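[1] from the sequence below, what's the structure:
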Amino acid sequence: MPPNPTNNTIRKLIAGEDPYPEVLSAIDADFLQYTIDVFKRIIRAKLNKKSVTADWYKEEFLLSHSFSNAEMDTISPSNSDQIVLDTTLKHYDVLCDAFNDLDMKDMGMTFTVKFRGVSFSLGLNESLILFNMLAVRRSTLQNRIWSETKKEIEKPLMTALCALFKVPKKYYDQRNLSETERKSDFYLFDDTGKDYPCDVKLIGKDNPEIADAGFACGGRVLIADKLSEMNKQQMDKDSILWVELQTEDGYKRFEEVLKTLSIPYEPFTGDLQDTLDKILSVILSDDVQGSGTPTE
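    As a prediction, the model looks like this:
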């Protein structure tokens, strides 16, 4: 299993740093394990005098479901296995068409692999199958793990910000949310019990402009790693309170959010990293909803 990047991702976000390297480490770990597994299967195939063809790829990784479910789960968690398999097989058909269009008869190229003392050679067609498999895996892993990371950090990130400014727990207690309220990532509450939906948007390495459509979600507060000037202007116009974390002391803008919503807090003046050590050790121990603030 790849390492869980949640802790360091939250830490880097609040500190205004790029969290993507943490996610990249998880991607690399999963990809390395997958690559080893692929080589093992290729060795087994070659020892059994099988060719690593597109049909072998289909039988070994698609029809067996050992590859398709993991590869294509970025489509949607609610989609059935059959939809996942159909989509992956469609990719297989495109792959076969691409190979059929290539004229490789006289190229005479081979790719030799030595893995754990065992050597085997792949022809050009076989090599392209291997490279394609690894490229597809890397791409889908990047999308899936980044998406999973964003989902995993929504609640602890917001809880950490509240704890950083010592917001009393009742103003962000998520235990008794209604079904309607569960549609947003997080909620803040004022003294009257009025709820304020909060949304967390992590753009990562993408252009912040692509997130424009995602901001029209009905939330009152937006927490993001990066925002474009257009984003900020639109949110100011729509009375959406925002925090851009990946700027110097960007987390401190959360104080303005609390002040605007009349939610009690204390200005943060301590050492950020030391305080985050204390906060995250509680938040990520599944003891988030106990009484008191995590720093107390």
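[2] could you pull out the strands in the protein for me?
    Assigned by DSSP state E, the strands in the chain fall at 110-115, 118-123, 186-189, 195-201, 221-224, 241-244.
[3] what does the third one contact?
    Just to be clear, that refers to strand 186-189. 154-155, 158, 162, 170-174, 177, 181, 195-200, 221, 257-258, 261, 263 (Cβ atoms under 8 Å, 6 or more residues apart in numbering). In this view, the C-beta of every residue, glycine as well, is placed from N, C-alpha and C.
[4] just the buried members of those residues?
    Buried subset of these (neighbour count, 16 or more other Cβ atoms under 10 Å): 154-155, 158, 162, 171-172, 174, 196-200, 221, 257-258, 261, 263.
[5] where are the low-confidence patches of the stretch 151-296 of the chain?
    181-182, 204-218, 285-296 (pLDDT under 70).
[6] what about the helices in it?
    When assigned using DSSP state H, counting those that start in this stretch, the helices of the stretch 151-296 of the chain occupy the ranges 229-237, 253-260, 272-283.
[7] now those in TSV, with distance to Gln142?
    TSV is the format used below for the helices of the stretch 151-296 of the chain (distance: least, Cβ to Cβ, whole Å):
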stretch	distance to Gln142
helix 229-237	24
helix 253-260	29
helix 272-283	25
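[8] which stretch among those helices comes nearest Pro21?
    helix 272-283 (17.0 Å; Cβ to Cβ).
[9] tell me which residues of that closest one come out buried.
    Buried residues in helix 272-283 (16+ other Cβ under 10 Å): 272, 275-276, 279-280, 282-283.
[10] then stretch 124-141?
    Applying 16+ other Cβ under 10 Å to stretch 124-141 flags 124-130, 132-133, 136-137, 140-141 as buried.
[11] what's the answer for stretch 144-154, then?
    Applying 16+ other Cβ under 10 Å to stretch 144-154 flags 144-146, 148-150, 152-154 as buried.
[12] mind putting the residues you listed in a markdown table, distance to Phe111 included?
    Shown next, in a markdown table, are the buried residues of stretch 144-154 (distance: Cβ to Cβ, whole Å):
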| residue | distance to Phe111 |
| --- | --- |
| Arg144 | 28 |
| Ile145 | 28 |
| Trp146 | 30 |
| Glu148 | 33 |
| Thr149 | 34 |
| Lys150 | 37 |
| Glu152 | 38 |
| Ile153 | 40 |
| Glu154 | 43 |
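[13] quick check: the farthest pair among the buried residues of helix 272-283?
    Leu272 and Val282 (16.3 Å).
[14] any idea how far Asn132 lies from Tyr57?
    8 Å (Cβ to Cβ, to the nearest Å).
[15] any idea which residue sits dead centre in the protein?
    Nearest residue to the geometric centre of the chain (Cα atoms, centre = their mean): Trp146, 1.8 Å.
[16] for it, which non-adjacent residue is spatially closest?
    Spatial nearest neighbour of Trp146, excluding adjacent residues (Cβ to Cβ, 6 or more residues apart in numbering): Val23 at 5.5 Å.
[17] tally of neighbours for the one you found?
    For Val23, the neighbour count with other Cβ atoms under 10 Å is 23.
[18] my guess is it meets Ile145, correct?
    Yes: judged on Cβ atoms under 8 Å, Val23 makes contact with Ile145 at a distance of 6.0 Å.
[19] that concludes my questions; thank you for your assistance.
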